[in-house]
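Asker: Mind folding the following:
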Amino acid sequence: MGIIGVVLVFVLGGFIPFLFPIGIAVFFLFMGWLCIEVYFLFAHGGKILGERISPDKLSNGDENELFIQLHNIYKLPAHLSIIDEIPHQFQRRDIQWESDIAPGEEQTLLYKLRPTKRGEYDFGAVNIFCSILLRLVQRRFRYDNGKILPVYPSFLQMQKYELAAFSNFLEERGIKKQRRIGNTFEFEQIKEYVQGDDPRTINWKATARRNTLMVNQYQEEKSQPVYAIIDKGRLMKMPFNGLSLLDYAINASLVILNIALKKDDKAGLITFSNKMSTALMAEKKSGQLFKIQEALYNQLTRYKETNFELLSLFVNRRIKRRSLLLLFTNFESLHSLERQLPYFRSLARRHVIVVIFFKNTAIKDLLRKDPESIEEIYIQTVAEKFSFEKELMARKLNQNKVYTILTTPEDLTIDTINKYLELKARGVV
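Answerer: Take a look at the predicted model:
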């Protein structure tokens, strides 16, 4: 019986005299039980230990796992209400739990957070409200696990695709196996034929000597410069699933440059908008990936109008060796693309350039619906025009000897990896 029951008995005792002594007895019983709970909660040496376990940094755009560890030091079972003070950027009020915990028991609670912006995230305290027996009293334990965690470009994606690109699980991740074409491969060794080897590489002289099929093994030509070039202009501000197109480009750049380094190519990074921002020249030194990660983390987004002429002048002046340029950008219209074609042609004369831009996903959703009115028919007609214009942009770039990737934000990383592996297999780079 709670405090409301005790009060109710006293009130009724004013009208029904024989209930008044019962009310007195119930009151003292209630107060006695209350004192027992207060004693065991506060004066008996027991407590609830709590701690947040988190990584040193969070991965942008991914579900990051965090844990709350609990330990019941009381000699009685306890009921807990746990509230974690997560950073305001998440705008969530559901990081709380109710849990029953036995004496001496340890529990671990798992939750996930998906940040959508790079930067520092300030975590507060872990609050635990403990009650025992009839739960008449709560004791609060506050563990100030205050910690500032940086949110970096998606290193979880980087690890996932690195594993896929160098294992037998390419197709499960959407990465296509590329058959080697062309002759930009260096001889490595002669080895015994195994199923799957290209019959065209059979070494007949070695086969005759060993009396078993032997093949020449080749390795890809190494140390090719690969640059991720990120447009930080106004059109890259468009959002998709919580992230801007710019952050999708940043995440994809980290993944592809890591794979390039693992394949013994040189990796570099360039960012720009109305002026040049970051210029990390292509290297394959041991600390290059760390430099790339830090440079991507520190990108400040001004979203000015993009100056492709400045980019063309910078690349042609600073990058002397023929390189693969992966340019992440976007265009409003065919006309806006045509104004930039001279600069793309200038880059394509000395380098292999891949222009990576985005489909309009909102238009894609519109085209799936069956129109039910003249207004909806009109909207779909306009949407089809914009969708077709994106395809025209890709054709126009191809006609000017510029490779293209027209993709959606969620397929950006996979499509970029596939294009890189394709160009490597064809001997283009």
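Asker: Sort out which residues of stretch 33-42 are buried, please.
Answerer: The neighbour-count check on stretch 33-42 (16 or more other Cβ atoms under 10 Å) flags 37, 40-41 as buried. To be clear about C-beta, it is placed using only N, CA and C from the backbone, and glycine gets the same treatment.
Asker: Now do the strands in the stretch 101-250 of the chain.
Answerer: 106-113, 119-123, 126-131, 139-143, 147-152, 185-192, 214-220, 225-231, 239-240, 243-244 (DSSP state E, counting those that start in this stretch).
Asker: what's the helix or strand for residue 37?
Answerer: Using DSSP states H and E, residue 37 sits in helix 19-42.
Asker: circling back: quick one: which of the strands of the stretch 101-250 of the chain is nearest residue 297?
Answerer: Judged by Cβ to Cβ, the one of those that comes nearest to residue 297 is strand 147-152, at 5.1 Å.
Asker: Mind giving me the packing neighbours of the closest one?
Answerer: strand 58-59, strand 119-123, helix 288-297 (3 or more Cβ pairs under 8 Å, 6 or more residues apart in numbering; DSSP states H and E).
Asker: ok, 10 Å please
Answerer: Counting contacts by 3 or more Cβ pairs under 10 Å, 6 or more residues apart in numbering; DSSP states H and E, strand 147-152 is packed against strand 58-59, strand 64-72, strand 119-123, helix 245-262, helix 288-297.
Asker: What about the closest residue to residue 101 other than its chain neighbours, how many residues nearby?
Answerer: In this structure, residue 101 finds its nearest non-sequential neighbour in residue 72, 4.5 Å apart by Cβ to Cβ, 6 or more residues apart in numbering. Number of residues near residue 72 (other Cβ atoms under 10 Å) recorded here: 23.
Asker: same deal with residue 62?
Answerer: By other Cβ under 10 Å, neighbour count at residue 62 equals 18.
Asker: Excluding residues flanking it in the chain, which one is nearest it?
Answerer: In space, residue 62 is closest to residue 156, 4.4 Å off (Cβ to Cβ, 6+ apart).
Asker: Check the gap between that neighbour and residue 276 for me.
Answerer: The spacing between residue 156 and residue 276, counted by Cβ to Cβ, to the nearest Å, is 30 Å.
Asker: likewise residue 115?
Answerer: 28 Å.
Asker: more crowded one of those two?
Answerer: Each of residue 115 and residue 276 has its neighbours counted (other Cβ under 10 Å); residue 115 has more, 24 against 16.
Asker: and the more buried one, what pLDDT?
Answerer: We have a pLDDT of 96 for residue 115.
Asker: And for residue 352?
Answerer: 96.
Asker: Tell me what it is bridged to.
Answerer: Counting by DSSP bridges, residue 352 is bridged to residue 324.
Asker: Now that it has come up, it's in contact with residue 327, right?
Answerer: No: judged on Cβ atoms under 10 Å, residue 352 makes no contact with residue 327 at a distance of 11.1 Å.
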